[in-house]
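In: Attaching a predicted model along with its sequence, questions to come.
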Amino acid sequence: MELSIYRLVEPPETPRGRTVRKLLEKHRILRTGLLIIVLLGTCMVIGDGVLTPSISVLSAISGISVAAPQLHQNIVILVSCIILVLLFSLQHIGTRRISFLFAPIVLTWLFCNGGIGLYNLIAYNPSIVRALSPYYTFKFFKVSGRDGWISLGGVLLCVTGSEAMYADLGHFCRRSIKAVFILIVYPSLLLGYMGQAAYLSKNLDDLDSAFFRSVPKPVFWPVFITATLASVVGSQAVISATFSIVRQCQALGCFPWVKVVHTSNSIYGQVYIPEVNWIMLILSLSITVGFKSTIEIGNAYGIAVIVVMLVTTFLTSLVIVVVWQRSIFVACIFLLIYGSVESLYLSSALFKVPQGGWVPLVLVGILMCIMYMWHYGTTKKYKFDLQNKVSMKWLLTLGPSLGVVRVPGIGLIFTELVTGVPAIFSHFVTNLPAFHQVLVFVCMKSVAVPFVPPNERYLVGRVGPRDYRMYRCVVRYGYKDSTGNDDSEFENQLVFNLAEFIQTENSAPWIPSSSEMSLDGRMTVMGTVTGSTASKASLSFPVSETRSERVTRIMQTFCGDSFQQSFKTVSSPCATLDWQANFEIPLFVEHENEIDSEMRKELIDLIEAKEAGVAYLMGHSFVKAKKSSSWLKKFAINFVYTFLRRNCREPAMAFHIPHISLLEVGMVYYV
């Protein structure tokens with residue numbers, strides 16, 4: 001069931017590319033190693049989200065000590081902490097109301113950098129432009145030797161931050177980003193650093209806070225305010241990116257369930273995660289108060305950034321071979337050129353581990369353990385469900401009643417399987433005395449695309465024969481889609497798609513028969529029927545109507561006046577029900593006479609079940625390692641994964657399932 005927004009134009013696969021791909025698919029240890037490398041880069045990005053606010057705000061506020069040397073350093077730390085608290089406390093509002101200020105602030109900051117740098121370059125030492133020659137690079141390393149190699153860790157900080165603009169490739173085209181970088185960002189940074197070098201060549205004693213000391217006094221305070229605002233904008237960008245990447249990891253099964261709040265109704269991707277936000281605030285404050293200096297924080301920041309660069313280079317080399325289908329030789333040349341330069345910077349940055357560089361390593365170690373253990377436990381649980389599916393033969397032996405009483409209503413059984421009946425269903429049948437008239441196995445599936453169009457979101461199929469009234473619905477969400485906060489809207493959409501499936505099952509040639517679906521789990525995309533296919537008739541619930549009146553009206557809608565002679569309703573003892581709003585199901589057939597008796601009965605059952613109410617059934621699973629497992633696996637599953645499941649957000653809350661309609665049955669998974 002392909003998505004229209006996911007059209008990957010694949011070039012002809014080369015033998016070498018096929019070999020690399022099959023090698024990764026065949027060997028589990030290679031897949032595990034690749035997963036660890038990806039998690040390493042992801043965790044470093046999250047660590048970057050903790051370090052960037054600390055170093056950005058502290059470096060900007062440190063300009064106060066230049067204008068007022070008598071102030072104690074603790075005052076600078078206090079002001080920085082206040083700004084950090086305000087920054088993280090306002091994250092729940094989102095950026096939609098003030099985002100229009102970001103571009104002017106950043107542009108003003110870049111022009112200030114370039115203008116002050118040009119002024120210092122002309123005023124102090126114009127000959128510093130000769131440093132652009134590679135000759136002086138070799139001369140520097142030849143003269144300084146080991147000290148020059150160690151200084152690369154500080155040179156790395158001149159690059160950090162500017163590379164982050166390429167993360168906006170999902171929002172802007174490559175041409176615009178290249179133009180902005182070449183015409184504005186790069187010249188401003190180059191002039192800024194050359195200006196500071198020219199100033200320091202005449203003022204060696206001002207090495208500490210060189211930037212603010214090089215700012216001319218008449219423009220000091222405007223530049224200080226601009227620098228502070230730019231640090232807040234930069235921090236906000238990284239914090240938002242951290243929320244986004246955590247949400248994407250959660251959608252891909254690599255991060256425990258946390259609460260995700262969408263701060264914008266019109267712009268996708270603007271999310272806020274309260275738990276992550278407050279943890280980042282505590283860590284940022286701890287780093288700021290603990291180090292009290294941008295030097296140690298800069299050492300930690302440099303290691304985080306260079307590791308992200310190195311991981312990106314390695315993964316890009318794989319993309320060159322596997323996705324772009326280029327030769328391994330081209331990928332090796334790319335990895336050798338860029339990887340050698342980044343490895344040189346990394347070797348220098350690792351020298352600063354005792355001076356603050358240990359912070360990202362500790363953060364990444366903890367995050368990688370959490371994410372890997374969660375992914376490992378989730379994968380084991382899914383494999384258990386996959387290997388212990390209920391057989392169709394067992395289901396057919398139960399009969400249409402499933403061996404229990406079928407009561408009015410729709411039961412939504414949530415499962416992670418897209419085919420087959422999950423093992424939890426047999427547990428439900430064993431422990432529950434009754435089941436709903438209509439059962440739907442719902443699978444909320446995250447796909448590897450940002451957004452899924454609404455008309456391609458629902459895949460509907462039938463489980464078992466028609467009289468079982470059992471269906472399967474796979475709801476596909478992109479990793480940037482919202483699962484929604486309105487449970488009634490989800491229920492209505494689900495019933496609409498079930499009705500469309502029932503009406504088009506026999507008439508549409510692209511939909512296989514119900515017997516085929518029950519055996520191989522084939523699904524059909526619903527929601528694609530256009531207005532020309534659907535008739536103007538509909539099934540609806542008026543404001544006040546008894547069951548017998550409703551059934552009579554529905555059948556008259558289908559059959560016209562002939563209904564009185566061909567069908568006789570049975571009065572219901574139920575009292576008249578008052579409804580707050582009409583509920584309608586459109587008819588997706590060309591002519592009303594195309595609706596046979598079986599289809600009519602099935603649609604009536606669906607409407608009556610929707611009227612009776614919708615219940616959500618979920619398995620409350622307890623995952624434990626088998627007794628024969630190794631001690632390491634027992635520790636990972638019985639302690640770490642269990643601890644994470646107990647303290648993370650429950651799936652019912654993640655899917656916004658109303659508690660009043662939720663029914664959970666416990667089950668132990670031995671993996």
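Out: Here it is on my side, so go on.

In: Would you mark the buried spots in the helix with the most length in the chain?
Out: With secondary structure taken from DSSP state H, the chain has its longest helix at helix 28-61. Within helix 28-61, the residues that count as buried by 16 or more other Cβ atoms under 10 Å are 38-61. For the C-beta atoms, the positions are set from N, CA and C on the backbone; glycine is no exception.

In: List the contacts of the closest residue to A612 other than its chain neighbours.
Out: Counting by Cβ to Cβ, 6 or more residues apart in numbering, A612 lies nearest to P408, which is 3.6 Å off, once chain neighbours are set aside. Shown in contact with P408 (Cβ atoms under 8 Å, 6 or more residues apart in numbering): H436, Q437, E608, A609, E611, A612, G613.

In: all strands of this structure, in order?
Out: Counting by DSSP state E, the segments of the chain that form strands are 261-262, 271-272, 405-414, 434-447, 458-462, 470-478, 524-526, 538-540, 544-545, 577-578, 584-586, 614-624, 662-670.

In: biggest separation within the contacts of P408, which pair?
Out: By the measure Cβ to Cβ, H436 and E611 form the most distant pair in the contacts of P408, at 12.5 Å.

In: Neighbour count: the two, which is higher?
Out: Neighbours were counted for H436 and for E611 using other Cβ atoms under 10 Å; H436 has more, 22 against 18.

In: Neighbours of the residue nearest to that one when sequence neighbours are not counted, how many?
Out: Closest residue to H436 apart from its sequence neighbours, by Cβ to Cβ, 6+ apart: G411 at 3.4 Å. G411: 25 surrounding residues under other Cβ under 10 Å.

In: Over to W631?
Out: With other Cβ under 10 Å as criterion, W631 counts 8.

In: wait, D467 sits on S401?
Out: No - contact between D467 and S401 fails when scored by Cβ atoms under 8 Å: they sit 9.8 Å apart.

In: Distance of the nearest residue to P433 once chain neighbours are set aside relative to N431?
Out: Leaving aside its sequence neighbours, P433 sits nearest to V404 (Cβ to Cβ, 6+ apart; 6.3 Å). Counting by Cβ to Cβ, to the nearest Å, the gap between V404 and N431 amounts to 10 Å.

In: Comparing those two, which residue is more hemmed in?
Out: Between V404 and N431, counted using other Cβ under 10 Å, the more crowded position is V404 (14 against 10).

In: Phi and psi next, for G420.
Out: phi 80, psi 170 (degrees, to the nearest 10).

In: Could you check how far it is from S426?
Out: Distance from G420 to S426, by Cβ to Cβ: 12 Å.

In: which residues do the two both contact?
Out: Shared contacts of G420 and S426, defined by Cβ under 8 Å, 6+ apart, comprise V390.

In: which residues sit in contact with Q73?
Out: Q73 touches S65, K292, counting by Cβ under 8 Å, 6+ apart.

In: hmm, I was thinking of P274
Out: Per Cβ under 8 Å, 6+ apart, neighbours of P274: H92, V258, K259, V261.

In: Ok, Y372 next?
Out: L35, I36, L39.

In: Quick check: pLDDT value at F102.
Out: Reported pLDDT at F102 in the predicted model: 81.

In: How about the one 4 residues further on?
Out: The per-residue pLDDT reported for V106 equals 86.

In: And for S54?
Out: 91.

In: Next: D467.
Out: Each residue has a pLDDT score; the one for D467 is 83.

In: now do W149
Out: At W149, pLDDT is 84.

In: Then L23?
Out: At L23, the predicted lDDT confidence score is 81.
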